[in-house]
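Peer 1: whatever this is, show me its structure:
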Amino acid sequence: MPRIYLCFLWHMHQPFYKDLISGQYRMPWTRLHALKDYYGMVRLLGEFPAVRQTFNLVPSLAVQIEEYAAGKASDPFLDCALKPAEQLSEGEREFILTHFFQASHRLIYRFPRYAELYEAWRAAGREPRHAARLFGTASLRDLQVLSQLAWFDESWLSDDAEIRALVEKGRDYSLEDQALLGRKQAELLARVLPVYREFASTGQIEISTTPFYHPILPLLCDSDIAAQAHPGVSLPPRFRYPEDARAQLEKARDYITRLFGSPPAGLWPSEGAVSDEALALAAQAGFRWSASDNGVLSRTLGRPAGPAETYRPYRWKQQGNELLMIFRDHFLSDLVGFVYSRMAPAEAARDLLERIRENCRPILSSGRDALVPIILDGENAWEYYERNGRPFLRELYRRISEDGSMAAVTVSEALERLEPEPLEKIFPGSWINANFDIWIGHEEDNRAWEQLLRARQLYADRAATASPAERSLAYEELLIAEGSDWCWWYGPEHESANRHEFDELYRAHLANVYRALRLPPPEDLSRPILKVAVAELHTPPTGWIRPVLDGVVTSYFEWLGAGQYRVDFKQSAMHGRRFLIRELYYGCDEASLYLRLDLMTESLGEELEARMVLEAMKPGARTSSYRILLTPGSAKLAEASPPEAAAGIAIAWQRILEVRLSLATLGAATGDRVRVQLSLWKDGLPLDAVPHQGWLEIGTAEPVEWSV
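Peer 2: Numbering: from 1, shown residues only. This is a model prediction of the structure:
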């Protein structure tokens, strides 16, 4: 009798949050999802031995889990969660109040005290400094504990006696409770990868993988292919490095082989993104099967891909390369990801299986087996389900186990049982609209690709003269920057409280390419790619100024009449960002341009680098740039470009940075307009800039005019 073969593929992925040079994790999501999802999703199958599944582990995720399990991860979020509340600095308290409510309502309201604290935070306008007045030591410690406890795996919340006691206690946690939470996190994190090895060794799960840092392979091979999927799309300069795509594939396969003792047969290409060139590389790397979305299948076949077309395997074959292919049922996968969380578990499980049976009925009646691929994120959906989705999954697996007409099998098992249809080509696209618009084509995406291309070209030019260690580090940072996750957050499609942090981390990875090669990163990496809404306050100059350059405000009158430019932090959408620059004053006299930079008080004792770029706004004008090293109480001009520009600058630094620039040296005369960019760097990384977007334009006539 024909049967239904259900192929569940759970895609386990997080971006690479670690800065390789600083060694610090910039976001906590790998650790939190490792506590909540990765272990329990596999362990649950122990209750249903007849259910077999495929788990897709992205190497960049597994590498991070390994480091957490070994206790080697430097995670400031975890440090703040475990530090005694009595010892928290003002900055750490604000950090906690900024980040520790970043969870779904399901997770928060499951714990009454967590919900109570959340409501207090909301009443304070979600503004950390206002909320800090409402959160005493006891409240902060409760938040430290509950914000972590909410992410623990379901089995640990119910079956581990010590964790269950923390849940039952509910509030008024102690230092001992914080310490216990730290030990339990380490214990659970150490069990994640072993549970995959255990179930893979029995054959109940198959491990597939993805290119190492989750890049969009077709775009690495040739970014211009996006125009084939979306004719007329606006594209950046061409990025074509198929050798990087090959490296991402081979590096992933080697890593999974080392981790689990055998090479993976299957590849879920990042975001289901495929092209003929990408599939050829995957076949050459040794993969036996791959997968994409039935939207891509529809465009490949030139007609809608219904169940008859989707519920079967294919053999892609081209120029001696071949791969077996399956295509996810987009509709059913999205039901699990986005819809069933709003239904009762039994009702949702019944609905899914009834839809599958109805879709398969004509196929089975024809005498053919049906392969039903359900492929989706294996982590993010569950926090919107009751009890992290476990009641739904148990009900679903129970019904499958009891149904003699269907079997849940691994992808490789299904491919052994069904004869594939030939496929001579694949339409280039991803699981989202069968194109690449999420990752390329928007202004922000294209800027990100331009900066990646520039770094990649620099590496190609300089790698041969770098040491092996420098070359290796620079290339690794390039591979990280090629990941899809950065451009996921650029453009208008997606929103997150962490968008600006993703932006900063992407630019930090690119900056590290330059740093690894002992070169200064380009100044524009100090500026956000995101077009974030930052409230800026401007006051135009009212006349010429002649301040004394001594690094302090000598008198109220010396900067009277200057223009003022500053960010309104209270209204800024960039919560969590560290601002170093308080405000910028600017103005002119007959011969000079003056700049005054006021920093946040807590930054005055740091060693920083200020970079300035100035340009007279007239034909043929040159660009002058400066690097100024700031140490407590003194400043030094480190570099001027062109070198003769050094003759026209004077600087002073104590409580403020004061700069005088000769208009003649800048190639400007009274009445010309000059545009300015200024940024602050530390240890080779960009930290803050004014303006956040574009240039500050300054007129040199009296009174001075301004615009941005």
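
Peer 1: could you list the low-confidence segments of the chain?
Peer 2: 532-536, 567-578, 602, 685-686, 692-694, 701-708 (pLDDT under 70).

Peer 1: can you list the domain ranges for it.
Peer 2: The chain breaks down into these domains under automatic domain parsing: 443-526, 536-707.

Peer 1: quick one: closest of those domains to residue 281.
Peer 2: The minimum distance between residue 281 and the domains of the chain falls on domain 443-526, with 14.1 Å, by CB to CB. All C-beta atoms are positioned from the backbone trio N, CA, C, and that covers glycine.

Peer 1: the domains of the chain into a markdown table, with extra columns for distance to residue 13 and mean neighbour count?
Peer 2: Shown next, in a markdown table, are the domains of the chain (distance: least, CB to CB, whole Å; neighbours: other CB atoms under 10 Å):
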| stretch | distance to residue 13 | mean neighbour count |
| --- | --- | --- |
| domain 443-526 | 8 | 19 |
| domain 536-707 | 23 | 17 |
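
Peer 1: in JSON lines, list those along with distance to residue 429.
Peer 2: Putting the domains of the chain into JSON lines (distance: least, CB to CB, whole Å) gives the following:
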{"stretch": "domain 443-526", "distance to residue 429": "14"}
{"stretch": "domain 536-707", "distance to residue 429": "32"}
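
Peer 1: so residue 624 is in which element?
Peer 2: Taking DSSP states H and E as the criterion, residue 624 maps to strand 623-631.

Peer 1: can you show me the CA trace of that strand as PDB?
Peer 2: The C-alpha atoms that make up strand 623-631 are tabulated as PDB, following Å, rounded to 0.1, in the frame of the first residue of the first chain:
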ATOM      1  CA  THR A 623      39.200  66.000   1.000                       C
ATOM      2  CA  SER A 624      41.200  66.400   4.200                       C
ATOM      3  CA  SER A 625      41.200  63.700   6.900                       C
ATOM      4  CA  TYR A 626      42.700  63.600  10.300                       C
ATOM      5  CA  ARG A 627      43.400  61.000  13.000                       C
ATOM      6  CA  ILE A 628      43.700  62.400  16.500                       C
ATOM      7  CA  LEU A 629      44.800  60.200  19.500                       C
ATOM      8  CA  LEU A 630      43.100  61.200  22.700                       C
ATOM      9  CA  THR A 631      44.600  60.000  26.000                       C
END
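
Peer 1: partners of it in the sheet?
Peer 2: strand 608-616 (antiparallel), strand 634-641 (antiparallel) (DSSP bridges).

Peer 1: about what we covered before: just so I know, which of the domains of the chain lies nearest residue 88?
Peer 2: Nearest to residue 88, of the domains of the chain and by CB to CB, is domain 536-707 at 15.4 Å.

Peer 1: how about the contacts made by residue 47?
Peer 2: 394, 397 (CB atoms under 8 Å, 6 or more residues apart in numbering).

Peer 1: ok, residue 330 next?
Peer 2: Neighbouring residues of residue 330 by CB under 8 Å, 6+ apart: 293, 294, 295, 431.

Peer 1: most widely separated two among those?
Peer 2: Comparing every pair within these by CB to CB identifies 294 and 431 as the most remote, at 9.0 Å.

Peer 1: look up how far residue 81 lies from residue 92.
Peer 2: 10 Å (CB to CB, to the nearest Å).

Peer 1: so these two - more neighbours on which side?
Peer 2: Neighbours were counted for residue 92 and for residue 81 using other CB atoms under 10 Å; residue 81 has more, 21 against 16.

Peer 1: surely that one is in contact with residue 148?
Peer 2: Yes. At 5.2 Å, residue 81 and residue 148 qualify as touching, with contact defined as CB atoms under 8 Å.

Peer 1: what is in contact with those two at once?
Peer 2: Each of residue 181 lies in contact with both residue 81 and residue 148 under the rule CB under 8 Å, 6+ apart.

Peer 1: switch the contacts of residue 330 over to JSON lines; also include neighbour count.
Peer 2: Output for those, formatted as JSON lines (neighbours: other CB atoms under 10 Å):
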{"residue": "293", "neighbour count": "27"}
{"residue": "294", "neighbour count": "27"}
{"residue": "295", "neighbour count": "22"}
{"residue": "431", "neighbour count": "25"}
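
Peer 1: looking at these, spot the one nearest residue 417.
Peer 2: Each of the contacts of residue 330 was scored against residue 417 by CB to CB, and residue 294 proved nearest at 20.1 Å.

Peer 1: could you check how far that closest one is from residue 649?
Peer 2: Relative to residue 649, and taking CB to CB, residue 294 is found at 62 Å.

Peer 1: likewise residue 142?
Peer 2: Residue 142 is 53 Å from residue 649, by CB to CB.

Peer 1: and of the domains of the chain, who's closest to residue 135?
Peer 2: Here domain 536-707 is closest among the domains of the chain (CB to CB), at 16.4 Å.

Peer 1: distance check, the residue of the chain positioned farthest from its centre against residue 560.
Peer 2: Ranked by distance from the centre of the chain (CA atoms, centre = their mean), the top residue is residue 590, with 48.5 Å. The spacing between residue 590 and residue 560, counted by CB to CB, is 18 Å.

Peer 1: how about residue 107?
Peer 2: 53 Å.

Peer 1: quick one: which helix or strand includes residue 362?
Peer 2: Counting by DSSP H and E, residue 362 is part of helix 345-365.

Peer 1: again, but for residue 595
Peer 2: strand 592-599.

Peer 1: got the contact list for that strand?
Peer 2: 545, 547, 559, 562, 580-588, 610, 612, 614, 656-663, 666, 668, 674, 676, 678, 680, 698, 700.

Peer 1: go again with 7 Å.
Peer 2: With contacts defined as CB atoms under 7 Å, 6 or more residues apart in numbering, strand 592-599 is touched by 545, 547, 559, 580-588, 656-663, 674, 678, 698, 700.

Peer 1: count of neighbours near residue 72?
Peer 2: Residue 72: 9 surrounding residues under other CB under 10 Å.

Peer 1: can you classify the residue lying closest to the residue farthest from the centre of the chain once chain neighbours are set aside by secondary structure?
Peer 2: Using CB to CB, 6 or more residues apart in numbering and skipping residues adjacent in sequence, the residue nearest residue 590 is residue 670, 6.0 Å away. Assigned state for residue 670: coil (three-state reduction, DSSP: H, G, I helix; E, B strand; the rest coil).

Peer 1: next secondary structure element downstream of the helix holding residue 362?
Peer 2: Criterion used, DSSP H and E; the element after helix 345-365 is strand 370-377.

Peer 1: tell me the strands beside that following strand, with direction?
Peer 2: If you go by DSSP bridges, strand 370-377 pairs up with strand 4-12 (parallel).

Peer 1: got phi/psi on residue 98?
Peer 2: Backbone torsions of residue 98, given as degrees, to the nearest 10, read phi -80, psi -40.

Peer 1: again, but for the one 10 residues further on
Peer 2: Torsion angles at residue 108 (phi, psi; degrees, to the nearest 10) stand at phi -70, psi -50.

Peer 1: wait, it touches residue 118, no?
Peer 2: Yes. Using CB atoms under 7 Å, residue 108 is in contact with residue 118, at 5.1 Å.

Peer 1: name the SS class of residue 431, please.
Peer 2: coil.

Peer 1: swap in residue 457?
Peer 2: Relying on three-state DSSP, one would call residue 457 helix.

Peer 1: now do the same contact list for it.
Peer 2: Neighbours of residue 457 in contact, by CB under 7 Å, 6+ apart: none.

Peer 1: please begin residue numbering at 2 from this point
Peer 2: From this message on, residue numbering opens at 2, which makes the last subject residue 458.

Peer 1: can you tell me how far it is from residue 491?
Peer 2: Separation of residue 458 from residue 491 (CB to CB): 21 Å.

Peer 1: then residue 363?
Peer 2: In this structure, residue 363 and residue 491 are 43 Å apart, going by CB to CB.
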